[in-house]
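*Asks:* Dropping the sequence and predicted coords here.
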Amino acid sequence: MEYVTAVPHPRSEAAGPARAGRLSLAVALFAGALGAAVALLATRQRWSEGTATVAGGSFPLTASGSDVTGVPAALAIVGLAALVAVFAVRKAGRLLVAALLALSGAGIVAAALFGTSDSSALDEQAAKTTGDTAATVDALSHTAWPYVAAVGGVLILLAGLLALRYGRLWPAMSGRYERSGAPRPRRKAPVVDPDRPEDLWKALDRGEDPTGA
């Protein structure tokens with residue numbers, strides 16, 4: 001009795017990496033774009049609040065994410081640019097851009113978490129309000145927006161890690177859009193046979209002088 005061994009089809013073997021590449025690309029694009037949007041939105045919200053005490057009473061003070069630190073917003077823009085640039089480069093260049101994308105996300109997370117305990121922005125406001133350079137903010141509290149910014153950083157970090165892992169399977173910018181410095185070769189004009197009337201008419205239609213004068 002003969003046993004037939006099933007041989008996997010080459011297309012089925014290539015389908016796995018191709019499917020993983022498409023899926024990882026879709027997730028990375030969604031996560032990176034969403035993460036940048038979330039981080040930028042979070043930096044515009046109120047991160048911390050407190051009070052400054054003066055002789056006439058207490059004044060409420062608030063600080064937005066951009067007042068506390070400008071790092072998350074800057075890195076969100078860098079990460080968004082890297083997410084687009086990853087398709088314009090290949091091989092080692094793609095790995096470098098993917099690493100920049102991942103580092104941007106990690107930097108946003110670190111800066112946002114550090115901002116949850118930072119009081120320097122409100123201390124500066126307290127000093128201006130009271131006129132005392134040594135004044136500090138009282139009853140300091142923080143909102144949830146720094147953690148929202150950190151979530152945005154995690155999404156950008158995820159996009160960078162996917163680019164590092166599966167970026168070699170992603171498509172690159174088509175070569176026809178890349179311009180080189182070499183001049184384009186000129187097309188040679190077809191040879192006109194004066195003994196063939198159809199060649200003469202075709203030359204005239206092209207705006208050429210069939211006589212060669």
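*Replies:* Thanks, I have the structure now.
*Asks:* Give the buried residues for the lengthiest helix in the chain.
*Replies:* In the chain, assigned by DSSP state H, the helix with the most residues is helix 10-43. The neighbour-count check on helix 10-43 (16 or more other C-beta atoms under 10 Å) flags 21, 24-25, 28-29, 31-33, 35-36, 38-43 as buried. Yep, even glycine has a C-beta here, placed from its N, CA and C like the rest.
*Asks:* Lowest-confidence one in those?
*Replies:* Lowest pLDDT of these: residue 21, 78.
*Asks:* OK, contacts around that residue?
*Replies:* Counting by C-beta atoms under 8 Å, 6 or more residues apart in numbering, residue 21 touches 166, 169, 170.
*Asks:* wouldn't the last one be in contact with residue 25 here?
*Replies:* Yes: applying C-beta atoms under 8 Å, one finds residue 170 in contact with residue 25, separated by 5.1 Å.
*Asks:* Skip the chain neighbours and tell me the closest residue to the residue nearest to the spatial centre of the chain.
*Replies:* In the chain, the centroid-proximal residue (C-alpha atoms, centre = their mean) is residue 80; its distance is 2.3 Å. Leaving aside its sequence neighbours, residue 80 sits nearest to residue 36 (C-beta to C-beta, 6 or more residues apart in numbering; 4.2 Å).
*Asks:* same check, this time on residue 103
*Replies:* Closest to residue 103 by C-beta to C-beta, 6+ apart is residue 160, at 7.2 Å.
*Asks:* Give me the phi and psi for the one you found.
*Replies:* Note on residue 160: its backbone torsions stand at phi -70, psi -40 [degrees, to the nearest 10].
*Asks:* To what extent is it buried, counted in neighbours?
*Replies:* Residue 160: 29 surrounding residues under other C-beta atoms under 10 Å.
*Asks:* The one 3 residues further on now?
*Replies:* In terms of burial, residue 163 registers 27 neighbours under the definition other C-beta under 10 Å.
*Asks:* relative to helix 10-43, how tilted is the stretch of helix or strand it belongs to?
*Replies:* Secondary structure assignment for residue 163, by DSSP states H and E: helix 145-166. Helix 145-166 runs at 160 degrees relative to helix 10-43, counting by axes from the mean of the first three to the mean of the last three C-alpha atoms, to 10 degrees.
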